[in-house]
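> Provided below for reference: sequence and predicted model.
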Number of protein chains: 4
Amino acid sequence: MKSPIPDYLGRVLEEARPFDSGQPASYIDVLAQADTSRSAVAVATVDGSVYSAGDDEVDFSIQSISKPFVYALAIQDQGLAYVLEKVGVEPSGDAFNRLSLETGTNRPMNPMINAGAVAAHALVVSTNATVDQRVDRILQALSRLAGRQLKVDEAVYAAELKDANRNMGLAYMLKAAGMISCDPQEAVRGYIRQCSINVNVRDLAMMAATLSNGGVQPVSGERVISQESVRQVLSVMTTCGMYNSSGDWIASVGIPAKSGVSGGIIGALPGQLGLAVFSPRLDEKGNSVRGVIMCKQLSNDMGFHMMDVSQIAGASVRSWTATIAGGSKQPNACRQAVAVFELRGAVRFAGAERLTRAVMNEIGKSRPNSGSGPGLGKDAHVCAVMFSFRNTYSLNDVARRLIHENIRRLSTTTNVVVIDPAGVLKMPLDSKQEGEFRQVRVVTSEAEARDHIGGMGCRVVPNEDSL
Amino acid sequence: MKSPIPDYLGRVLEEARPFDSGQPASYIDVLAQADTSRSAVAVATVDGSVYSAGDDEVDFSIQSISKPFVYALAIQDQGLAYVLEKVGVEPSGDAFNRLSLETGTNRPMNPMINAGAVAAHALVVSTNATVDQRVDRILQALSRLAGRQLKVDEAVYAAELKDANRNMGLAYMLKAAGMISCDPQEAVRGYIRQCSINVNVRDLAMMAATLSNGGVQPVSGERVISQESVRQVLSVMTTCGMYNSSGDWIASVGIPAKSGVSGGIIGALPGQLGLAVFSPRLDEKGNSVRGVIMCKQLSNDMGFHMMDVSQIAGASVRSWTATIAGGSKQPNACRQAVAVFELRGAVRFAGAERLTRAVMNEIGKSRPNSGSGPGLGKDAHVCAVMFSFRNTYSLNDVARRLIHENIRRLSTTTNVVVIDPAGVLKMPLDSKQEGEFRQVRVVTSEAEARDHIGGMGCRVVPNEDSL
Amino acid sequence: MKSPIPDYLGRVLEEARPFDSGQPASYIDVLAQADTSRSAVAVATVDGSVYSAGDDEVDFSIQSISKPFVYALAIQDQGLAYVLEKVGVEPSGDAFNRLSLETGTNRPMNPMINAGAVAAHALVVSTNATVDQRVDRILQALSRLAGRQLKVDEAVYAAELKDANRNMGLAYMLKAAGMISCDPQEAVRGYIRQCSINVNVRDLAMMAATLSNGGVQPVSGERVISQESVRQVLSVMTTCGMYNSSGDWIASVGIPAKSGVSGGIIGALPGQLGLAVFSPRLDEKGNSVRGVIMCKQLSNDMGFHMMDVSQIAGASVRSWTATIAGGSKQPNACRQAVAVFELRGAVRFAGAERLTRAVMNEIGKSRPNSGSGPGLGKDAHVCAVMFSFRNTYSLNDVARRLIHENIRRLSTTTNVVVIDPAGVLKMPLDSKQEGEFRQVRVVTSEAEARDHIGGMGCRVVPNEDSL
Amino acid sequence: MKSPIPDYLGRVLEEARPFDSGQPASYIDVLAQADTSRSAVAVATVDGSVYSAGDDEVDFSIQSISKPFVYALAIQDQGLAYVLEKVGVEPSGDAFNRLSLETGTNRPMNPMINAGAVAAHALVVSTNATVDQRVDRILQALSRLAGRQLKVDEAVYAAELKDANRNMGLAYMLKAAGMISCDPQEAVRGYIRQCSINVNVRDLAMMAATLSNGGVQPVSGERVISQESVRQVLSVMTTCGMYNSSGDWIASVGIPAKSGVSGGIIGALPGQLGLAVFSPRLDEKGNSVRGVIMCKQLSNDMGFHMMDVSQIAGASVRSWTATIAGGSKQPNACRQAVAVFELRGAVRFAGAERLTRAVMNEIGKSRPNSGSGPGLGKDAHVCAVMFSFRNTYSLNDVARRLIHENIRRLSTTTNVVVIDPAGVLKMPLDSKQEGEFRQVRVVTSEAEARDHIGGMGCRVVPNEDSL
């Protein structure tokens, strides 16, 4: 069977193809003479699959799409605090090649405009590194992100260097403002080399997917960018990635993105995928005409808009009461009431809050050891609380802390058994000695839990009136 | 047992309390004389729980926090396209009370600055509505969002109206630019009335939670704002909500937000919760000093940053092969190979793509009816494919379409049984007549599925070498 | 004989007539429907002659040309210092209808843009005057400047008031910024009334000539504007009069000027004349197309450029030595050497300095009473110094002070006779008693001087070797 | 006798000395370590006298004061039209070191900000000249302006070159914008060398006086700058010379000026003098604190404000009727009426217009050959018109043309005799053959005129009732 995804991408591409307005970038011949029929689209998932259509193996220079990645490297190499002293994070409202230094701080407004990108470049490795050291670092990092060895397009580099006056101007201004330490000429040479690295849409999709995957390259599993850097980079792509139409882009497409003058655009949808499009004709804002159309189509078709609340996954809580029946320790099968809470899905604060609420409802505040809630008979004695995390895919820190706190509070008055086969709760299997969780027992299966509560051979029988 | 959440909020509040720099807004007495000791915080979940601490029942005028909600109403009442003709969506880089009309279009840059907010106000109900009609509409909508009847603080209204020259100036400019149709004096009177509606942090948290919940009020279940409006509002809050520090806010806090001059701030974390803070002392940018501190603390502690990839829920796919054993139709328990795919969690494109990939891997492209994959013996005849959606909490459109397409393609060569007790796939139970899914059978339990494949009484026995 | 000046103006007009690009102002019908064939030019001299050509009796609304005159009235009524607190004097680089408040002071940048003009209007009479009081004051002052009773064009006023949103916006902003005290609505009503006063080019030329004449209306001789105000107004017209092309205008035309949206332009050449042109078609900057052409032609033909050094009048000094011959007191015609200095022309510092230098050269520093200089024999005894101001048309203060000082210094060692028939030196005829000018005698004719020096009947005989 | 001018300057200097706020420029050590007690003032007249006080022989680097002179050289070397393509003339409203490229044209706003000054520098000699050629040209020209050989301060040059990043940035930006042709590094090196030329206040005063004298160095008499360039330079100094306080400077001081970072300021009062002040402490706008005080004092004391109408010289016309009496040709002394017009002073349009008006009044339009006017009896036959230019110091072109036209018109009906000993009218002595001035006779003395009209020995007897 053939995957329908490439077919879909092919259709998206063909629907964009008739749009042939715009012109390729004209400031250097090597870009101006680009084959304008070229078009491609690629999607890479956070677990490493890449789908593509069109001219997906055609290389082109990465240009400004290198900016978010090099900003990430700057943060890695110098720390976020220091980078923030040299490059701001506010949208400038200006075109990409404006100086836009922030009043007061003299920082370039953000790392997505050229001035900020040159400043970010100059922070890579160290402030006194050589051009070669920086370019090496960047080339190797981008190659690791793409999953193959990339290289500089020397023809593009040579042509851009000839036409580098504006960037030279920016670099000297940055030097004058104290925002770069190295020789401005070297900063520009390195920056242009960075922009001249050749990529194709499959490379770019994988690089974007690495951002979406929190910095871990989906195929190699290597952490190329730290969590902290990714968060910062995606934030800045959100507010500044599409220059002075960033607001419109976020409202209409809703994906942190970055475009380049050779006709590429990347988008990174956190936790889901990276996408990349390519076609050389640019609109008056410098974005690929077909590229924008394809991105809008993809976002619309596939529900990629960040603010589309319908797309956000929730977690669910199920709770019921049960009776422990049978087993060696309780041969008489006395009705021993157990409150059971199961937490399903990917759990963040909201899920943990739901669990907390369920616990509050079931285990009455006033009578912690007496039954309450719809399923627990008035006279029932809740001898134990059981939490099941078998269907919990992930827990973030705040959720974990909140659940720990629930368990801690419960454990002061009742027995608690935690079923956590995957260890998502990160609670020691034998928590007794800690003092905090005196009556807590962490087990890996329901059978163990039953044994613990009711003795060997018991069954947990959901009460009939439980949900 | 007591919920630990209010305790946590109380701690956040107490940690912020020592910060007593800044001053309350001074332009009108009624704000200048605010009790600066007042501080409160509230969190509301998308399923309607509200937690709060501090002066959570103290009312204050909503001021600019009304802007995103009234923008939403404008979109509801006039349609997004028309609203976009009158109010832009780009960050302005300017202070809140600047005119900031966009070159070319004359639109105010965005609806979060005063000029854009007045323009948005003037679109509510209709362009020729009266002040009373607009204010009524807004007051009722905000009340439904808050879950209680709100009312205008007449003292604040009277004071603000006296000091409305700047807003009057903006309104006349908007009129001159063709961005409002009504009398500028009326636009300002209505706008000031809108800003003078009294709320407390619990109201605001619930209003924000409604945004986070896609426009449906969590408690009443009423859809107050359309999905489309919510998406637009959250996008604009992301890029423009905190005026000229929006970039910094998104990078450091990562929550779409809006602040007001009386000392309130709301944040809306899509799919999760709404939060609100309050304290009258403002920093030089006009944001509540303690409010900002509390928001940063909450975001940091609770992992609320939108771009924190670790927080994004994924879906998982499990697949194995099974053999149908027993049952009335197959008394001899011939080895009938079945490929089983289970999709768990909240599924969007990425999850559906994973499922697609698993199907590709297991059901070899070249030999669709022959076994492949780790668990299927070379000679095994795959007589059926079974999909289980018992643990699938949600499916978005693109995921659903992609899975339908997978099933359609498979169904041309093999039997497909779909177990979908909750109907998340939205596939007709009996799909035969459609022509498209000729060999597809949708059932609600595994037992039904077994019966369908192997006949009454069969069991699906996972192969030993299955994952 | 017919004066050639109207013929010349007629030619200038005819040469401009073929230029029919541009459109009349379109924002109100009454301007949009202007007869675009109308064209006129007028020149008024500082002694009250007016020459004109074309439609010189066609009235049109004065519009922005009222700004410099009302600014002058504001200065008269409030004092320059107070006006400067409310309206700045820097070119804004912005279009006329931009707000352009100065950072820090909140003042509108200058009184030639609308915001500054409204602020200046609101200062006329007093800050708590009524609209009628201000408009009366302005109408009367403009009438006195024009030399005939002007009146408001009520149709224009009504139309402009309907379309006054932008100015209303500016006025409310000014109120908010504390730059006007009165009701913004009243400020705009008054301002629009001021702009609706009807004038023709002959009126405007006379009004401009009044500025050129230092504030004294050339025909009536009435001082309508103070010297201080005129200086300030002409300065601001120089740097800000033609909006964002003021620099180009001063470089190419070189005349302080102001244009209006109904198609008029005035120019005021200090000390010489006022000019006015009119034709309704405007270029993209809002200046009359034919008007600009006529102004450039006039400036070029007539050498009106302020910075054209060749045009600046100088003063000249002639000095020679003479011998007193004959007369009753000196019958023996002893060779009595006299140094004579004649100062001709309009004398300012430079002329007085030349005289000083000549005195230094002739009356040797070391030997004050001995002859020196080319014309004075070594042995000659300079018995007197004679200054002649018969051909001195004017002396400014600094020149007068400098000459007084020269005379004072000389008078300590020698006899000084001053011939000053017109009293330009303002030195008492009999200065003896002052102590300062002990040996100075001021007379009104050469005969008196001779009599004083040599006795009745003497002649002053220039030495042969004098220049 | 001692000239009072140095004493005056000394007093101005002493009154400014107590103002010791501000700091010398700190960006390079060699400026930061300036002796802040140093103060000087100098005035140079357009005929070459220089007066000074204070540290008038202390050299300092010329810095930005070189800008107007180099702008003049650029105009000389490339023509004004070409220079205007590369450098604008509008005030920028920005600080001196801002890029301020004009929207649309990309020109730096004006040649007084650094960007425009670098662009102007790069136009000197030719666009492909070497640094040495440009600096030589500039150094020689400035030396000729100063009247002594100037030289570059190599210490200042070396220090500034080290700190040239901002100017380098501007130069590369200019190169990118197509505003300079040469290598940006060379443009900056040359520009910095230009700024490092050492001068003292006497040099600067003489350089400014050369501008005031229309480009002719007062002492050497050499034309260093063309008339056209001077006009342009003074215009730009008027609107842009004092950066973003140019409007205030013109309003309060009223002299085209330029300041420099080493503490100098020059002012050029057209037709009168150049002034220069020096003191290293700068205010927050970068202008010498004491320098500004001294300039204001000088302007105020000496009536230097350009717009001070009282200072503008006028011309006067005297007219009377006379009778020719005696002489060989008219022994009977028939009453032969003659109209006499004498024009005195420096005559421009206004003076010529006055003469024209007087002729119109005296020589009735309807009866050209009959007497009219107060002084001419009804029956008198005007046999001749006599013009006297003995007391006319100068005539500009338009005045000359207008007078020629008057004479031409009169000459068609009557005899005209012109007394023009200095030839200011530039009319051929014997104009008969031209056809145009058939009846015109140009003579050099009144005696000749009498002879011509009445024959040898006649006298011109003013009528008793003449003015």
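Structure's in. What do you need? Numbers count the residues shown, from 1 in each chain, chains lettered A, B, ... in the order given.

> can I assume residue A:131 is in contact with residue A:186?
Yes - using C-beta atoms under 8 Å, residue A:131 makes contact with residue A:186 at a distance of 4.9 Å. Heads up, the C-betas are built off the backbone N, CA and C, glycines and all.

> Strands along chain A, start to end?
Under the criterion DSSP state E, chain A carries strands at the ranges A:40-45, A:50-54, A:60-61, A:198-199, A:257-259, A:264-269, A:273-278, A:316-326, A:336-347, A:382-388, A:392-395, A:415-419, A:440-443, A:458-462.

> Tell me where the stretch 351-467 of chain A has helices.
Assigned by DSSP state H, counting those that start in this stretch, the helices in the stretch 351-467 of chain A fall at A:397-411, A:446-454.

> among the ones you listed, which is nearest chain B?
Nearest of those to chain B, taken as C-beta to the nearest C-beta: helix A:397-411 at 4.0 Å.

> buried sites along the closest one?
Neighbour-count burial for helix A:397-411 flags A:398-411 (criterion: 16 or more other C-beta atoms under 10 Å in any protein chain shown).

> Spell out which parts of chain A neighbour chain D.
A:99, A:165-166, A:168-176, A:184 (C-beta under 8 Å from any C-beta of the partner chain).

> distance of the residue in the stretch 301-450 of chain A that chain C sits nearest to from residue D:103?
The nearest approach of the stretch 301-450 of chain A to chain C comes at residue A:307, 33.5 Å away (C-beta to the nearest C-beta). According to C-beta to C-beta, to the nearest Å, residue A:307 and residue D:103 sit 35 Å apart.

> ok, how many other residues are close to the residue of chain A found nearest chain C?
Closest residue of chain A to chain C, C-beta to the nearest C-beta: residue A:103 (10.3 Å). Neighbour count for residue A:103, taken as other C-beta atoms under 10 Å in any protein chain shown: 6.

> From chain B, how far off is it?
Distance check for residue A:103 against chain B: by C-beta to the nearest C-beta, to the nearest Å, it reads 10 Å.

> Now the phi/psi pair for that residue, please.
Reported as degrees, to the nearest 10, the phi and psi values for residue A:103 are phi -60, psi 140.

> measure residue A:321 to residue A:361 for me?
12 Å.

> Between those two, which has more neighbouring residues?
residue A:321 (24 against 13).

> related to what we said a few turns ago, need the helices of the stretch 351-467 of chain A in CSV (columns: mean pLDDT).
Converted to CSV, the helices of the stretch 351-467 of chain A look like this (pLDDT from 0 to 100):
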stretch, mean pLDDT
helix A:397-411, 85
helix A:446-454, 78
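
> Tabulate the ones you listed in a markdown table, adding columns for distance to chain C.
A markdown table is the format used below for these (distance: least, C-beta to the nearest C-beta, whole Å):
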| stretch | distance to chain C |
| --- | --- |
| helix A:397-411 | 44 |
| helix A:446-454 | 69 |
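
> In TSV, list these along with distance to residue C:70.
Formatted as TSV, these follow (distance: least, C-beta to C-beta, whole Å):
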stretch	distance to residue C:70
helix A:397-411	66
helix A:446-454	90
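
> between those helices, which gets nearest to residue D:197?
helix A:397-411 (66.9 Å; C-beta to C-beta).

> Give me the helices and strands touching the closest one, please.
helix A:349-362, strand A:382-388, strand A:415-419, helix B:4-16 (3 or more C-beta pairs under 8 Å, 6 or more residues apart in numbering or on different chains; DSSP states H and E).

> Hey, what's the angle from it to strand A:336-347? Just curious.
Angle, helix A:397-411 to strand A:336-347, by axes from the mean of the first three to the mean of the last three C-alpha atoms, to 10 degrees: 170 degrees.

> distance between helix A:397-411 and the chain's centre?
Put simply, helix A:397-411 sits 26 Å off its chain's centre (C-alpha atoms, centre = their mean, to the nearest Å).

> Equivalent analysis for stretch A:221-237, please.
With C-alpha atoms, centre = their mean, you get 8 Å for stretch A:221-237.

> contact partners of that stretch?
A:68-69, A:71-73, A:75-76, A:80, A:89, A:110-112, A:141, A:144-145, A:210-211, A:214-217, A:256-258, A:268, A:270, B:247, B:250-251, B:254, B:305-310 (C-beta atoms under 8 Å, 6 or more residues apart in numbering or on different chains).

> which of these are buried?
A:68-69, A:71-73, A:75-76, A:80, A:89, A:110-112, A:141, A:144-145, A:210-211, A:214-217, A:256-258, A:268, A:270, B:247, B:250-251, B:254, B:305-310.

> In helices only, show me the residues you listed.
Of those, the ones assigned to helices by DSSP state H are A:68-69, A:71-73, A:75-76, A:80, A:141, A:144-145, A:210-211, B:247, B:250-251.

> Give me the subset of these that also touch chain C.
Answer for these near chain C: none qualify (C-beta under 8 Å from any C-beta).

> Select, from those residues, the two members most distant in space.
Using C-beta to C-beta, the pair of these lying farthest apart is A:144 and B:247, separated by 28.2 Å.

> and the residue nearest to residue A:359 when sequence neighbours are not counted, what does it touch?
Spatial nearest neighbour of residue A:359, excluding adjacent residues (C-beta to C-beta, 6 or more residues apart in numbering or on different chains): residue A:406 at 5.6 Å. If you count contacts by C-beta under 8 Å, 6+ apart, residue A:406 has them with A:355, A:356, A:359, B:1, B:4.

> Residue ranges of each domain in chain A, please.
A:4-308, A:316-462 (automatic domain parsing).

> pLDDT averaged over the longest one, what's the number?
Looking back up the chat, that one is domain A:4-308. Averaged over domain A:4-308, pLDDT sits at 93.

> quick revisit: next one: the residue of the stretch 301-450 of chain A closest to chain C from chain D, what distance?
From residue A:307 to chain D the distance is 35 Å (C-beta to the nearest C-beta).

> residues near residue A:20, how many?
Counted with other C-beta under 10 Å, the neighbours of residue A:20 add up to 11.

> List the buried residues of stretch A:136-146.
So, applying 16+ other C-beta under 10 Å, buried residues of stretch A:136-146: A:137, A:138, A:139, A:141, A:142, A:143, A:144, A:145, A:146.

> With stretch A:281-288 instead?
For stretch A:281-288, burial by neighbour count (16+ other C-beta under 10 Å) applies to A:281, A:282, A:283, A:286, A:287, A:288.

> No further questions, thank you.
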